[in-house]
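Novice: predicted model follows, preceded by the sequence.
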Amino acid sequence: MARPKTTKKTPKNKQNRSTTVTLKGHAPKNPLLSPRFGDIATFGRLPHTRNLKGVNVAVLGIPFDGAATYRAGARLGPRGIRNASVLNRNVHPLYNVHIYEKLSAIDYGDVNVNPINIQATFSEVEKEYDKLLKAGVLPIAMGGDHSVLLPILRSMKKKYRHFGIVHFDAHTDTADQAWGEKYHHGTPIRRAIEEKLVAGKDIFQIGLRGPLTSKSQMDWDREQGIQQLGIDEINAGRLADFIREIRNRNIPLYLTFDIDSIDPAFAPGTGTPVVGGLTSAQALDMLRKLAGLRFIGFDCMEVAPAYDVSEITSLLASAILFECMSLAAVERGLSD
């Protein structure tokens, strides 16, 4: 009778040596030890805490849609993105970076918004951002309608004297008013310029398309010097030159991503869909082309899960925020 083959045991101190990871601090649960579909959903299965000691990045929800002018529902965006984000992982293959070797990250929870009072909500958003920025934490927000970009920028201005905005959107968000109201999800860029939070020449908008309510809005944008790259120009191959302009500005950047910059075939779950937009693959590729820039914050806004199909919008939003966190990890790696 043949003797069974014996397998030489590997000493414990040599096992999995190639996969050893030294984490920076807070990190997601290991999906091989805890299944992704279990537990309470947090972004990317990160720990939920408001203790900012030793934290580099905080993901937070802003569940407000009281300034939406068409379909409401983005108040449930943070919840939808969290549910979809359990599929996020730790390593970005293109950058060959393990995010949580570079960053200690948490899910900070949600801003305590007032669903029927935009100014009270703005105050709460600004207050929470002041806390995060004072602690040296990079914020990544899940929206929520795009009106809340304004209090975010107000808080950013207190810390950063001069910064720019990379703005993915189907719309310019430079409307003046609607029904006599100066504050809604179509006005934050205009109000930010008027409040001198950011100069028009330091705003870079990508993915614009569709008809406008007024020609005067286009004229105002040009007068302010806003840098704009519409979908037709993207299709004409002008993206590389536009990104070169962003790099040449050499200033800190805030990145805000309205999910309606994506074609509704790929992201139907949003309040103001516009056909003819970016594909999901195009959007992720564009984000990757921004690697190495200095970002001071990120967000993904206008996700409305009630209009979604098989969670594809929430999945895309979670992938966009994973790319944003990866950009932060790459930037941290360059500065180490």
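Specialist: Now that the structure is in, tell me what you want to look at.

Novice: ok, for Asp232, nearest residue in space, not its chain neighbours?
Specialist: Distances taken as CB to CB, 6 or more residues apart in numbering place Arg209 nearest to Asp232, at 7.5 Å, with adjacent residues excluded. To be clear about C-beta, it is placed using only N, CA and C from the backbone, and glycine gets the same treatment.

Novice: repeat for Pro28
Specialist: Nearest one to Pro28, counting by CB to CB, 6+ apart, is Arg45 at 4.1 Å.

Novice: show me the contacts for Ala178.
Specialist: By CB atoms under 8 Å, 6 or more residues apart in numbering, the contact set of Ala178 is 69, 184, 186-187.

Novice: switch those residues over to JSON lines; also include pLDDT, secondary structure and distance to Arg244.
Specialist: Below are the contacts of Ala178 laid out as JSON lines (pLDDT from 0 to 100; DSSP: H, G, I helix; E, B strand; the rest coil; distance: CB to CB, whole Å):
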{"residue": "Thr69", "pLDDT": "90", "secondary structure": "coil", "distance to Arg244": "35"}
{"residue": "His184", "pLDDT": "88", "secondary structure": "coil", "distance to Arg244": "34"}
{"residue": "Gly186", "pLDDT": "89", "secondary structure": "coil", "distance to Arg244": "29"}
{"residue": "Thr187", "pLDDT": "92", "secondary structure": "coil", "distance to Arg244": "30"}
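
Novice: pull the most distant pair out of those.
Specialist: Using CB to CB, the pair of the contacts of Ala178 lying farthest apart is Thr69 and Thr187, separated by 9.9 Å.

Novice: okay, those two: which has more neighbours?
Specialist: Thr187 (24 against 17; other CB atoms under 10 Å).

Novice: wait, that one touches His171, no?
Specialist: No: look at Thr187 against His171 with CB atoms under 8 Å: they stay out of range, at 10.5 Å.

Novice: Ala281: neighbouring residues, count only.
Specialist: For Ala281, the count of nearby residues is 9 (other CB under 10 Å).

Novice: check which helix or strand covers it.
Specialist: In this structure, Ala281 sits in helix 280-288 according to DSSP states H and E.

Novice: by contact count, what packs against that helix?
Specialist: Judged by 3 or more CB pairs under 8 Å, 6 or more residues apart in numbering; DSSP states H and E, the packing partners of helix 280-288 are helix 312-335.

Novice: name the residues of the helix it packs on that come out as buried.
Specialist: Within helix 312-335, the residues that qualify as buried are 312-333, counting by 16 or more other CB atoms under 10 Å.

Novice: hang on, Ala27 packs against Ala105?
Specialist: Yes: in this structure, Ala27 is within contact of Ala105 by CB under 8 Å, at 7.2 Å.

Novice: when these two are compared, which one has more neighbours?
Specialist: Taking neighbours as other CB under 10 Å, Ala27 and Ala105 compare with Ala105 leading, 28 against 21.

Novice: can you give me phi and psi for the more buried one?
Specialist: Taking degrees, to the nearest 10, you get phi -130, psi 150 for the backbone angles of Ala105.
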